[in-house]
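1. Below are the sequence and a predicted model for it; my questions follow.
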Amino acid sequence: MLASGEGDETGRLWQVADGKLLHKLKGHTYGVNSVAFSPDGSLLASGSGDQTIRLWQVVDGQPLRELKAQSNWVHSVVFSPDGSLLASGTRGQTIELWQVADGKLLRTLGGHTNSVRSVAFTPDGRLLASGSADQTIRLWQVEDGKLLRTLEGLTSVVYSVDFSPDGRLLASASEDQTIRLWQLW
């Protein structure tokens, strides 16, 4: 399956083999900015400019839960590797960590000075990276929300971050048309 946000308030689930549209996910009231599958593939999260994150059942496209973000815009959503947590990057310069089972906001991580455009967990789920329009990348300890490190020296908005499978490298993509690899350990 493939999930997409079409720039409108509808998410979509597609069958990759033949391109067939399986489900339209209706419920957001503003554009869908980000989608992410849970590790077991049973859930899809969608983040929107309507200040919500919605969780959907993949099997039938039905809504499971709505999470109300503290910021007015959700740029990025990602599940932890074990599927128990969901992280969201917001226009409000924060990262929000949610418990998937009950939709409870676990903690808010603050420190960026502009919108958080991308979030990514390490493969072991212990750390979280955030890329921001403030031209920094921050590394956070998931267990307690402690800021571990700030990567600086970037010259434009960081749109995407992701870890290598072993968690030792972090890739970042920026508005200045560069992709950088960061050796973390």
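-> Received it, and whenever you're ready, just let me know what you need. Since this is a predicted model, take the numbers as computed values, not measurements.

2. Show the pLDDT at the spatially most central residue of the chain.
-> The chain has V77 as the residue nearest its centroid, 2.1 Å off, counting by CA atoms, centre = their mean. As summarised for this prediction, V77 has a pLDDT of 98.

3. With the one 3 residues further on instead?
-> Per-residue confidence (pLDDT) for S80: 98.

4. still on that earlier bit, bridging residues for the residue nearest to the centre of the chain?
-> Going by DSSP bridges, V77 is paired in beta bridges with S88.

5. From G153, how far off is it?
-> V77 is 27 Å from G153, where distance means CB to CB, to the nearest Å. For the C-beta atoms, the positions are set from N, CA and C on the backbone; glycine is no exception.

6. again with G41
-> As defined by CB to CB, G41 lies at a distance of 37 Å from G153.

7. Check I53 too.
-> Using CB to CB, I53 is found at 31 Å from G153.

8. for V59, same thing?
-> 45 Å.

9. Ok, Y30 next?
-> Distance from Y30 to G153, by CB to CB: 34 Å.

10. Between these two, tell me which one has more neighbours.
-> Between Y30 and G153, counting by other CB atoms under 10 Å, Y30 is the more crowded of the two (15 against 8).

11. who's in contact with that one?
-> By CB atoms under 8 Å, 6 or more residues apart in numbering, the contact set of Y30 is E9, S48, G49, D50.

12. before we move on, what about G11?
-> So G11 contacts A3, S4, G5, K24, L25, H28, V32, V35, L44, S46, R54, W56 (CB under 8 Å, 6+ apart).

13. repeat that for 7 Å
-> A3, S4, G5, L25, V32, V35, S46 (CB atoms under 7 Å, 6 or more residues apart in numbering).

14. likewise V158?
-> Taking CB under 7 Å, 6+ apart, one finds R117, S118, G131, S132, Q135, I137, S172, S174 in contact with V158.

15. ok, and the most crowded of those residues?
-> The most crowded member of these, judged by other CB under 10 Å, is G131 (30 neighbours).

16. Report the secondary structure state of that one.
-> Under DSSP: H, G, I helix; E, B strand; the rest coil, G131 falls in the strand class.

17. Report the beta-bridge partners for V119.
-> Beta bridges link V119 to S130 when assigned by DSSP bridges.
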